[in-house]
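[1] Using only what follows, build the 3D model:
(one chain, ligands or ions: 1)
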Amino acid sequence: MCKKIIYYLLCISLVVGCTKKETLENDINTLIEEDKNILVGINYPITGFKTLDNQIRTDIETIYDKFKNEYENFNSISEKSELNIDYTYDIVNETYINICVHIFVDSSTLAHPYDYMKSYVYNIKKKKLMTIKDILEESDLQKFTSLVTTALIQNYSECILLDELKNRVTAKYESFELFTFDTETITIYFNPGEITASYCDIVSVEIPISKFNIKIELEKEKRKSVSKEIDIQTKVIDPNQKVVALTFDDGPSKYTKEIIKYLHEQDAVATFFILGNKVEIYSDTLRESISYGNELGNHSYNHKWLTKLEADELLLQIDKTQSIIYETTGYKPTVFRPTYGSINSTIRNNINLDIILWNVDTMDWKYKSVDKIVARATNNIKDGDIILMHDTYKRTYDAVKKIVPILKKQGFQFVTISELKEINLLRNEIDNN
Ligand code: ZN
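    Numbers count the residues shown, from 1 in each chain. Okay, here's the model as predicted:
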């Protein structure tokens with residue numbers, strides 16, 4: 001009897017194990033935290049491939065815990081400590097996927113901020129994380145090593161430490177721990193301090209794949225191009241009636257689609273201050289959002305603490321986000337909301353977009369209770385108020401479904417930030433006439 005059950009269970013697990021096909025999920029998890037001593041902005045991918053997702057999540061949890069242990073109780077008079085994690089994502093074809101996770105840590109205890117990365121190359125069909133050994137034949141290692149070494153010296157002559165390079169980069173698979181590849185090149189990366197001084201940037205070199213008899217098959221795939229035409233619905237706003245602007249930061253996320261669908265049913269709109277690194281993944285949601293008359297605003301590329309950045313880095317955060325939104329949706333944001341709501345003169349002098357803060361904070365990132373969020377968004381709301389929320393939480397979506405009917409009952413019309421500005425201008429004109 002017992003044996004039979006075990007045998008039966010074994011059969012089930014075998015069947016499940018063999019037939020369950022993992023499919024690409026392509027989602028992104030965001031964690032934004034602001035505490036007395038620390039600022040945390042983490043974005044990491046959910047691919048739907050278990051082995052890969054688990055490995056990335058475990059690595060990120062380790063980095064996050066370590067950062068918190070080190071800096072949570074470190075009270076600096078000058079400034080908070082910052083952890084920012086972001087990633088790039090590249091689907092090579094049906095079989096392979098590359099992910100690079102970038103980690104940035106800054107604190108006044110450090111001589112300089114440090115940036116480093118981890119790479120993940122995944123074989124979807126074999127459900128396995130790959131190493132360079134899965135690609136290169138051992139007989140090619142010597143040739144590959146000398147190509148990498150030459151390219152590093154050529155491209156980074158000012159920062160490469162030659163002794164470190166000689167010791168670290170030898171004809172062994174272990175020398176090439178950080179890598180990605182596509183149909184044309186293998187890219188090798190080294191973190192600061194490996195073959196360069198610790199204050200240097202990550203270095204990388206691309207080696208043409210055609211020079212080697214690689215162990216894998218590579219077929220090129222064409223990417224779909226998106227059409228840019230979106231039909232935007234028009235609406236009428238009564239300047240004599242009260243208005244309120246709902247705004248959502250840090251998205252899009254898997255909840256955004258639900259939120260915009262609900263708003264649309266309610267004939268309401270909002271402004272979404274989005275992160276550039278999420279635009280491609282959620283391009284469909286964003287296009288739908290625009291078509292419903294919502295506004296998209298710029299909230300930086302990966303939620304870095306912007307007041308800490310030099311002008312060129314700041315502009316990169318903003319411009320990269322503007323271009324990816326435009327390339328993906330054809331939409332050009334005109335409003336910007338700074339991360340952590342902090343502004344300085346570099347931001348004021350360099351950003352060509354309207355800087356928008358808020359005057360009602362729902363604290364939805366902190367309060368787990370839907371009713372508390374609803375109360376903060378509906379008590380004592382005045383004409384022209386801007387309400388801050390985050391479309392990265394399920395509870396915020398639940399709260400929105402209560403907030404909208406209550407505010408409607410109070411006589412509010414929902415407007416985007418740009419519409420709010422227009423209304424204010426119009427009302428001024430009426431007053432002056
Ligand atoms: Zn934010």
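
[2] Please identify the residues of the stretch 101-250 of the chain in proximity to the ion?
    249-250 (Cβ under 5 Å from the ion). No exception for glycine: its C-beta is placed from N, CA and C like everyone else's.

[3] Strands of the stretch 101-250 of the chain, residue ranges please.
    114-123, 128-129, 178-181, 185-190, 203-208, 243-251 (DSSP state E, counting those that start in this stretch).

[4] Return the list of helices and strands in contact with the shortest one.
    Using 3 or more Cβ pairs under 8 Å, 6 or more residues apart in numbering; DSSP states H and E as the contact criterion, the neighbours of strand 128-129 among helices and strands are helix 50-71, strand 114-123.

[5] Is Ser289 located within a helix, as I assumed?
    Yes. Counting by DSSP: H, G, I helix; E, B strand; the rest coil, Ser289 is part of a helix.

[6] For it, give its distance to the ion.
    18 Å (Cβ to the ion, to the nearest Å).

[7] Let me see the contact set for that residue.
    252, 256, 260, 272, 296 (Cβ atoms under 8 Å, 6 or more residues apart in numbering).

[8] now do Ile356
    Counting by Cβ under 8 Å, 6+ apart, Ile356 touches 247, 271, 273, 297, 335-337, 386, 417.

[9] For stretch 404-415, output the C-alpha coordinates as CSV.
    Extracted in CSV, the C-alpha atoms of stretch 404-415 (Å, rounded to 0.1, in the frame of the first residue of the first chain):
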residue,chain,number,x,y,z
VAL,A,404,-12.2,57.5,-6.6
PRO,A,405,-15.9,57.1,-5.6
ILE,A,406,-15.4,59.1,-2.4
LEU,A,407,-13.7,62.0,-4.1
LYS,A,408,-16.3,62.0,-6.8
LYS,A,409,-19.0,62.2,-4.2
GLN,A,410,-17.1,65.2,-2.7
GLY,A,411,-17.5,66.8,-6.1
PHE,A,412,-14.0,66.4,-7.6
GLN,A,413,-13.1,66.0,-11.2
PHE,A,414,-9.9,64.0,-11.8
VAL,A,415,-7.2,65.7,-13.9
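
[10] Take the contacts of Ile356 and keep only those in helices.
    Secondary structure from DSSP state H places Ile417 of the contacts of Ile356 in helices.

[11] Reformat the strands of the stretch 101-250 of the chain as CSV; add mean pLDDT and mean neighbour count.
    Below are the strands of the stretch 101-250 of the chain laid out as CSV (pLDDT from 0 to 100; neighbours: other Cβ atoms under 10 Å):
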stretch, mean pLDDT, mean neighbour count
strand 114-123, 95, 20
strand 128-129, 95, 14
strand 178-181, 96, 21
strand 185-190, 96, 21
strand 203-208, 94, 18
strand 243-251, 97, 26
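
[12] Of the ones you listed, which is nearest Ile46?
    Nearest of the strands of the stretch 101-250 of the chain to Ile46, taken as Cβ to Cβ: strand 114-123 at 13.1 Å.

[13] which residues touch that closest one?
    Contacts of strand 114-123 with the rest of the structure, by Cβ under 8 Å, 6+ apart, involve 47, 49, 51-52, 55-56, 59, 95-106, 128-131, 134, 178-181, 189, 191-192, 198, 201-202.

[14] In the contacts of Ile356, find the pair that's most separated.
    Maximum pairwise distance among the contacts of Ile356 (Cβ to Cβ): 13.6 Å, between Phe336 and Ile386.

[15] All the helices of the stretch 1-150 of the chain, in order from the start?
    2-19, 50-71, 141-155 (DSSP state H, counting those that start in this stretch).

[16] now the angle from the second one to strand 114-123?
    Pointing back at helix 50-71 there. 170 degrees (axes from the mean of the first three to the mean of the last three Cα atoms, to 10 degrees).

[17] Next: the shortest one.
    Helix 141-155 runs at 150 degrees relative to strand 114-123, counting by the same axes, to 10 degrees.

[18] how about helix 141-155 as CSV, C-alpha atoms only?
    Backbone C-alpha positions of helix 141-155 (Å, rounded to 0.1, in the frame of the first residue of the first chain) are rendered in CSV as follows:
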residue,chain,number,x,y,z
LEU,A,141,40.7,29.3,-24.0
GLN,A,142,44.2,30.5,-24.8
LYS,A,143,43.2,32.4,-27.9
PHE,A,144,40.2,33.9,-26.1
THR,A,145,42.3,35.0,-23.1
SER,A,146,44.8,36.8,-25.3
LEU,A,147,42.0,38.5,-27.2
VAL,A,148,40.4,39.7,-24.0
THR,A,149,43.8,40.8,-22.6
THR,A,150,44.7,42.8,-25.7
ALA,A,151,41.3,44.5,-25.9
LEU,A,152,41.4,45.4,-22.2
ILE,A,153,44.9,47.0,-22.6
GLN,A,154,43.8,48.8,-25.7
ASN,A,155,40.5,50.2,-24.4
